[in-house]
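In: how does the following fold in three dimensions:
(one chain, ligands or ions: 1)
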Amino acid sequence: MMTPRTRRLSISTLVGALVGISVAIAGVYVTRSSHERHTDLHEMLHEAVPLDANEREILELKEEAFAQRRREIEMRLRAANGKLANAIARNPNWSPEVEAATQEVERAAGDLQRATLVHVFEMRAGLKPEHRPAYDRVLVDALRRGSQ
Ligand SMILES: [Zn+2]
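Out: Here you go, the predicted model:
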């Protein structure tokens, strides 16, 4: 039998691991270097291929719309993670509540991934044609590294 203290600890460890997993899925995080530093694909593309003034102007509204959509999905993701944590705290077993909360986390994570990729292509469309090859290289390399 676990003491209440070890039981609390193991639950919080489990919840921490689950939240970590869902956050990693959600941000379309990619491995950036041999140091295994994970970074957000969207941020990384902005850093790697900085927009010039003209491109920034073209993309301004889309950047704002994406930031808003992302905030909404991240809120859903946090709420779903909270439900998952509560369900596990109540009953640290695979239960219908854990299943339901897990599905919510997955849906939000999937939506965030999709929204990020949609925006990644919006950004590409707003780039000058001569800036696209560099952008494509960074994008494909990042996704390939993430798939290894
Ligand atoms: Zn962007």
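
In: from here on, contacts and neighbour counts on C-alpha atoms
Out: Noted.

In: list the buried residues of the host helix or strand of residue 56.
Out: Remark: residue 56 resides in helix 53-90, with elements defined by DSSP states H and E. In terms of neighbour count (16 or more other C-alpha atoms under 10 Å), helix 53-90 has its buried residues at 56, 59, 62, 66, 69-70, 73-74, 76-89.

In: how far off centre is it?
Out: Taking C-alpha atoms, centre = their mean, to the nearest Å, one finds helix 53-90 lying 9 Å from the centre of the chain it belongs to.

In: what of stretch 102-114?
Out: 9 Å.

In: please apply the same query to stretch 96-104.
Out: The gap between where stretch 96-104 is centred and where its chain is centred comes out at 19 Å by C-alpha atoms, centre = their mean.

In: now do the buried residues in it.
Out: Taking 16+ other C-alpha under 10 Å as the neighbour-count basis, stretch 96-104 is seen to contain the buried residues 97-98, 101-102, 104.
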